[in-house]
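Peer 1: My questions are about this predicted structure, shown below with the sequence.
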Amino acid sequence: MNSNGSSKPLTFSISNYHYNKMNQSLTTEDDFECVKVEISDLDNSSPNQTTVSLMRCKKQIIHPFRNLLCLIGWRPFGADSSKRSSILMKIFNIIYPIFILILLLFNYTYEIIVCQGKLNVVTDTKTTTSTTSTSTYSPKENHTMLNWSSLIPPKPIHIVNVSSLSSPVCGHIFTTYILPDILHIVAFIIGFMYFRITEGEPMYSLMEKVFICADQNMRKFSPNRVIRRLKLFLLIGSIWVLASVATHALSNAMNDFAHPLIFNRQVQQQRTSVKYSLFILDIFCLLVSNCIHLAIVMNFVSHCELVVFYCKAIRTRLEEKSIHLLEAMKQILDLGSSISQLNGSASRMMSILIVYFLERTILGLILLMLNQINKPLMYVYRGLYPIVWFSILIFCLAQAARVTSKCDKFHRISLSMRVYGYRAATSNDLDGFLLFLAQAELRSKLFGLTVRPGKIISIMVITIVLCVILLQTNIINTTNFFFQ
């Protein structure tokens with residue numbers, strides 16, 4: 001109904017796709033599902049901005065994220081299609097997750113066999129050289145006394161070739177490979193169950209709420225700003241995956257793409273095809289593994305970012321006094337339910353990966369400090385390895401801390417409202433609002449603990465100070481020039 005009283009006609013368009021048979025009667029259920037009915041308004045001169053923004057976000061953010069979920073087997077292929085899935089597609093959607101699981105198990109086994117990444121602190125930080133030791137006999141000349149001990153010849157010291165010793169190549173296998181693999185497979189199983197059951201609906205519903213509450217005229221939390229921020233996260237995540245794969249490829253390149261446990265140096269030239277085939281398979285498995293990291297991280301940080309924008313929208317309206325106090329309490333209660341969903345399965349998956357990222361970061365820093373192989377490629381690899389894992393670790397922690405920091409500002413606003421008043425609200429209403437905010441759980445959690453910016457900064461400062469003290473007192477003894 002227009003403002004002048006005239007009603008606008010609605011059109012029902014039935015699209016005749018190639019799979020529709022219009023000469024058949026639409027009596028069966030299968031034929032009816034093949035007909036796509038679109039309801040649209042003839043007057044499209046002023047479309048709804050929220051709907052346009054949601055469609056744009058679905059095209060630029062949700063579709064790429066769903067494709068990522070399909071790649072790692074967490075979402076069935078063809079789930080967004082209007083057609084009914086064929087039997088072959090249903091069978092493929094059953095076999096494909098099993099195939100991904102087999103690839104992950106192969107990757108776990110392969111990296112233990114070949115000691116992937118040269119992460120042994122004892123052997124991979126030193127050059128293997130051949131040392132030759134000789135013994136000389138210096139008989140003691142004594143004509144008056146006979147020293148019977150000198151008549152026993154000393155044990156000869158043979159030439160020792162360190163490179164030919166059959167010492168174990170890998171060290172600390174459990175903490176270096178088995179424990180991170182257990183964490184990874186547990187995160188994969190939780191993510192598979194979470195996205196197969198919920199299909200990511202908590203984040204999609206929160207996105208709709210944010211776009212409805214967003215103001216097109218305010219730059220701080222406009223829908224375009226939300227879309228740009230989420231697109232930036234996708235871009236950063238893609239760059240991180242490529243950087244981690246490139247770092248791993250660099251470690252393989254230093255071994256000429258062949259590990260000595262599998263390929264003998266004398267037959268490397270004869271088995272070039274097998275060598276590069278295993279390298280390509282290894283890179284593909286690592287790509288799938290890092291895409292699992294990316295999916296979990298993208299789900300968590302995007303949920304955090306949407307909560308931050310939702311919080312900003314409510315807080316700005318409270319500061320402007322443009323929203324009724326009861327309506328603000330309803331929106332804050334809805335914000336609390338969104339944070340509770342964030343602290344559920346998404347937080348559990350992210351907590352597992354936080355331990356994984358932290359373990360890789362610590363291991364990379366130790367290898368960098370103890371490195372004695374003076375080669376440019378080795379220094380580049382040792383420097384990139386901790387940077388790659390520390391960057392994604394601090395990014396996830398920072399997003400969780402931002403949620404708690406932004407939600408804590410509600411308490412400051414409520415104190416200001418209690419002192420200066422709020423529209424037509426009484427003192428009892430303002431006291432009730434203060435009590436409501438005190439009981440609301442508006443905090444992001446990892447490992448069941450509240451994540452705050454002050455905690456993260458204090459832990460980082462204490463860690464840096466302890467490392468400096470250990471290096472200066474030579475408790476951590478390193479020959480690296482940069483850490484002496």
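Peer 2: Arrived safely.

Peer 1: Please enumerate the helices of the stretch 351-484 of the chain.
Peer 2: 376-420, 427-439, 453-472 (DSSP state H, counting those that start in this stretch).

Peer 1: And the first one, how far out from the chain middle?
Peer 2: This points to helix 376-420. In terms of CA atoms, centre = their mean, to the nearest Å, the centre of helix 376-420 is found 14 Å from the chain centre.

Peer 1: Contact partners for residue 453?
Peer 2: Residue 453 makes contacts with 398, 401-402, 404-405, as judged by CB atoms under 8 Å, 6 or more residues apart in numbering. To be clear about C-beta, it is placed using only N, CA and C from the backbone, and glycine gets the same treatment.

Peer 1: wait, which of these is closest to residue 437?
Peer 2: For the contacts of residue 453, the minimum distance to residue 437 (CB to CB) is 13.8 Å, reached by residue 404.

Peer 1: and the nearest residue to that closest one once chain neighbours are set aside, how many neighbours does it have?
Peer 2: Once flanking residues are discounted, residue 404 sits nearest to residue 443: 4.9 Å by CB to CB, 6 or more residues apart in numbering. Other residues lying near residue 443 total 18 when counted by other CB atoms under 10 Å.

Peer 1: repeat for residue 296
Peer 2: Using other CB under 10 Å: residue 296 sits among 24 other residues.

Peer 1: Okay, and residue 83 sits in which element?
Peer 2: Under the criterion of DSSP states H and E, residue 83 resides outside all helices and strands.

Peer 1: pLDDT score assigned to it?
Peer 2: For residue 83, the model assigns a pLDDT of 77.

Peer 1: do the same with the one 10 residues further on
Peer 2: Predicted confidence (pLDDT) for residue 93: 89.

Peer 1: out of everything not next to it in sequence, what's closest to it?
Peer 2: Nearest non-adjacent residue to residue 93, counting by CB to CB, 6+ apart: residue 76, 4.2 Å away.

Peer 1: what's the answer for residue 65, then?
Peer 2: Per CB to CB, 6+ apart, closest to residue 65 is residue 298, 6.3 Å.

Peer 1: next SSE after the helix or strand containing that neighbour?
Peer 2: Per DSSP H and E, residue 298 falls inside helix 272-320. The helix or strand immediately downstream of helix 272-320 is helix 325-341, counting by DSSP H and E.

Peer 1: For that next one, list the C-alpha coordinates in CSV.
Peer 2: Extracted in CSV, the C-alpha atoms of helix 325-341 (Å, rounded to 0.1, in the frame of the first residue of the first chain):
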residue,chain,number,x,y,z
LEU,A,325,15.4,1.9,28.2
LEU,A,326,13.3,-1.3,28.1
GLU,A,327,14.1,-1.8,24.4
ALA,A,328,17.8,-1.3,25.2
MET,A,329,17.6,-4.0,27.9
LYS,A,330,15.9,-6.4,25.4
GLN,A,331,18.7,-5.8,22.8
ILE,A,332,21.4,-6.2,25.5
LEU,A,333,19.7,-9.5,26.6
ASP,A,334,19.8,-10.6,22.9
LEU,A,335,23.5,-9.6,22.8
GLY,A,336,24.1,-11.7,25.8
SER,A,337,22.6,-14.8,24.1
SER,A,338,24.8,-14.2,21.1
ILE,A,339,27.9,-14.1,23.4
SER,A,340,26.7,-17.3,25.1
GLN,A,341,26.6,-18.9,21.6
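
Peer 1: Show residues contacting that helix.
Peer 2: Here helix 325-341 has contacts from 202, 206, 209, 213, 303, 306-307, 310-311, 314, 317-318, 323, 403, 407, 410, 422-423, 425, 429-430, 433, 436-437, 440-444, using CB under 8 Å, 6+ apart.

Peer 1: any idea how far residue 452 is from the residue nearest to residue 404?
Peer 2: 8 Å (CB to CB, to the nearest Å).

Peer 1: list residues touching both of the two?
Peer 2: residue 404.

Peer 1: Just give the nearest non-adjacent residue to residue 241, would you?
Peer 2: Spatial nearest neighbour of residue 241, chain neighbours left out: residue 290 (4.8 Å); criterion: CB to CB, 6+ apart.

Peer 1: what's the answer for residue 383, then?
Peer 2: Nearest non-adjacent residue to residue 383, counting by CB to CB, 6+ apart: residue 368, 6.3 Å away.

Peer 1: Next up, the contacts around the one you found.
Peer 2: Counting by CB under 8 Å, 6+ apart, residue 368 has contacts 382-383, 385-386, 480.

Peer 1: those strands in the stretch 101-250 of the chain, which residues are they?
Peer 2: For the stretch 101-250 of the chain, applying DSSP state E, counting those that start in this stretch gives strands covering 130-131, 160-161.

Peer 1: Surely residue 470 is in contact with residue 369?
Peer 2: No: the pair residue 470 / residue 369 is not scored as a contact, 9.9 Å apart, by CB atoms under 8 Å.

Peer 1: Neighbour count: those two, which is higher?
Peer 2: residue 369 (21 against 13).

Peer 1: Could you measure from the more buried one over to residue 354?
Peer 2: 23 Å.

Peer 1: Return the member of the contacts of residue 368 nearest to residue 254.
Peer 2: Out of the contacts of residue 368, the member with the shortest distance to residue 254 (by CB to CB) is residue 382, at 10.8 Å.

Peer 1: can I assume the closest one is in contact with residue 364?
Peer 2: Yes: between residue 382 and residue 364 a contact is recorded at 7.3 Å, counting by CB under 8 Å.

Peer 1: Just the buried ones among the contacts of helix 325-341, please.
Peer 2: 202, 206, 209, 213, 303, 306-307, 310-311, 314, 317-318, 323, 403, 407, 410, 422, 425, 429-430, 433, 436-437, 440, 442-444 (16 or more other CB atoms under 10 Å).
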